[in-house]
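# Output the structure for:
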Amino acid sequence: MSGKRKYPDEKEWVKREREKVIAYLSSQRCEHGGVGEWPAFHIDPYLALWASQSRKVPGRIGWWPISGDLPTDYMSSDSGNHPREALRHFSAEWRSVAKSMKRGREHPRTKIGTPELWPTMAPLLERRAQLLKDYADDDSLWEE
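Reported below is the predicted structural model:
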């Protein structure tokens with residue numbers, strides 16, 4: 001992950017990441033009831049995990065989008081109701097995707113990059129997956 005800042009402060013970075021997530025969800029045709037104004041969890045300027053409201057059950061988190069210096073992605077809250085669980089889910093999923101990339105096979109659920117890029121992307125994705133797991137496992141980052 002690069003530590004170089006594109007934006008002068010945390011608020012500006014959060015604003016840009018939120019805009020990126022909203023555009024991404026739209027491009028994926030993910031129907032949601034809105035994205036939180038502030039991330040549910042973030043490490044500025046590397047990662048932002050967002051709570052996105054369910055359209056079916058207003059007031060409930062329906063999706064966990066993620067953005068930053070990693071692939072922009074999202075998952076259903078059915079795979080985890082807490083930000084820590086969401087980070088662990090992304091970590092496991094991205095590890096699985098990286099394994100598929102190394103074998104030269106398309107992953108059955110998650111599409112990231114093109115086959116030509118997989119040899120370069122697989123180790124990067126593995127590192128991002130490990131960082132997400134490390135963040136999820138670090139009790140000092142979580143207030144219960």
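# buried sites along the helix or strand harbouring Met121?
Counting by DSSP states H and E, the element that carries Met121 is helix 118-137. For helix 118-137, the buried set under the neighbour-count rule, 16 or more other C-beta atoms under 10 Å, comprises 118, 121-122, 124-126, 128-129, 131-133, 135-136. Backbone N, C-alpha and C define where each C-beta goes, glycine included.
# got a list of contacts for it?
Among residues not part of helix 118-137, those counted as contacts by C-beta atoms under 8 Å, 6 or more residues apart in numbering are 1, 41, 43, 46-47, 70-71, 84-85, 87-88, 90-92, 94-95, 97-99, 101-102, 104, 112-113, 141.
# Using ChimeraX, make a named selection holding only the buried ones among those residues.
Isolation of the buried members of the contacts of helix 118-137 (16+ other C-beta under 10 Å) is achieved in ChimeraX through the command below:
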select :41,46,47,70,71,84,87,88,90,91,94,95,97,98,101,112
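# How far does stretch 51-70 stretch from one end to the other?
Counting by C-alpha to C-alpha, to the nearest Å, you get 17 Å between the two ends of stretch 51-70.
# any idea how far the residue nearest to Leu141 when sequence neighbours are not counted lies from Gly62?
Counting by C-beta to C-beta, 6 or more residues apart in numbering, the nearest residue to Leu141 once its immediate chain neighbours are dropped is Tyr135, at 6.0 Å. The gap separating Tyr135 from Gly62 is 22 Å, by C-beta to C-beta, to the nearest Å.
# Could you do Arg103 as well?
To Gly62, Arg103 is 32 Å away according to C-beta to C-beta.
# Low-confidence regions, the chain specifically.
1-7, 144 (pLDDT under 70).
# Where do the helices of it begin and end?
Along the chain, the stretches classed as helices by DSSP state H are 10-27, 83-103, 118-137.
# now the ones you listed in CSV, with distance to Gln53?
Rendered in CSV, the data for the helices of the chain read as follows (distance: least, C-beta to C-beta, whole Å):
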stretch, distance to Gln53
helix 10-27, 11
helix 83-103, 15
helix 118-137, 22
